[in-house]
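Visitor: This is a predicted model, with the sequence first.
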Amino acid sequence: MAVTPRGIKERRDGPDGWSRSLKWFATIGWVLLIIALFLLAYAKPETETFFDRANNLSVRTSWNMQLAQLIYLLLCLGLLTSITGLLINFKRKRRRNEGIRDSLVVMALASLLGIVLYQISF
């Protein structure tokens with residue numbers, strides 16, 4: 001057993017499985033949000049360029065709703081993942097020096113903002 005600076009014996013072997021899983025919740029959530037951002041680039045209406053006008057090429061002027069619905073689903077999954085991670089974080093946080101994972105909070109706020117913007121826009 002290790003001894004802390006205050007002379008108290010450390011009885012824990014290290015973080016348990018739930019505490020270690022927080023890293024995976026954050027990683028999975030961020031991957032979902034990054035995929036949603038990439039899909040957003042394909043779902044939005046195309047911008048007409050000089051090349052398109054010069055060659056009389058048609059461009060899509062409306063949103064690809066199938067991709068927009070997929071983006072909404074990914075945002076909901078990202079929010080669910082971050083909330084689950086935060087619940088585990090609050091449950092496992094027992095000591096003063098153990099904090100809340102900022103990544104999970106930022107991911108929850110970003111997902112929530114995306115969901116609200118989707119609801120307003122569509």
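Guide: Perfect, I can see it now. Only a predicted model underlies this, so the values are computations on that prediction, with no experimental measurement involved.

Visitor: and residue 45, what does it touch?
Guide: Listed by CB atoms under 8 Å, 6 or more residues apart in numbering, the contact partners of residue 45 are 59-63. Every C-beta, even on glycine, is put in place using the N, C-alpha and C of the backbone.

Visitor: Kindly report the same for residue 93.
Guide: 99-100.

Visitor: Who wins on neighbours among the contacts of residue 45?
Guide: residue 63 (15 neighbours; other CB atoms under 10 Å).

Visitor: any idea how far the residue nearest to that one when sequence neighbours are not counted is from residue 118?
Guide: If the residues on either side of it in the chain are set aside, residue 63 comes closest to residue 43, at 5.8 Å by CB to CB, 6 or more residues apart in numbering. Applying CB to CB, to the nearest Å, the value for residue 43 to residue 118 is 11 Å.

Visitor: what do you get for residue 41?
Guide: For residue 41 relative to residue 118 (CB to CB), the value is 15 Å.

Visitor: Compare these two (neighbour count), which wins?
Guide: residue 118 (15 against 8).

Visitor: Compute the number of surrounding residues for the residue nearest to residue 63.
Guide: For residue 43, the count of nearby residues is 18 (other CB under 10 Å).

Visitor: residues touching it, list them.
Guide: Contacts for residue 43 (CB under 8 Å, 6+ apart) come out as 63-64, 67-68, 71.

Visitor: Where do the strands of the protein begin and end?
Guide: 2-3, 9-10 (DSSP state E).

Visitor: Can you read off the pLDDT for residue 122?
Guide: At residue 122, the model reports a pLDDT of 83.

Visitor: hang on, I meant residue 23
Guide: Residue 23 carries a pLDDT score of 87 in this model.

Visitor: how close does it sit to residue 30?
Guide: Distance, residue 23 to residue 30, using CB to CB: 11 Å.
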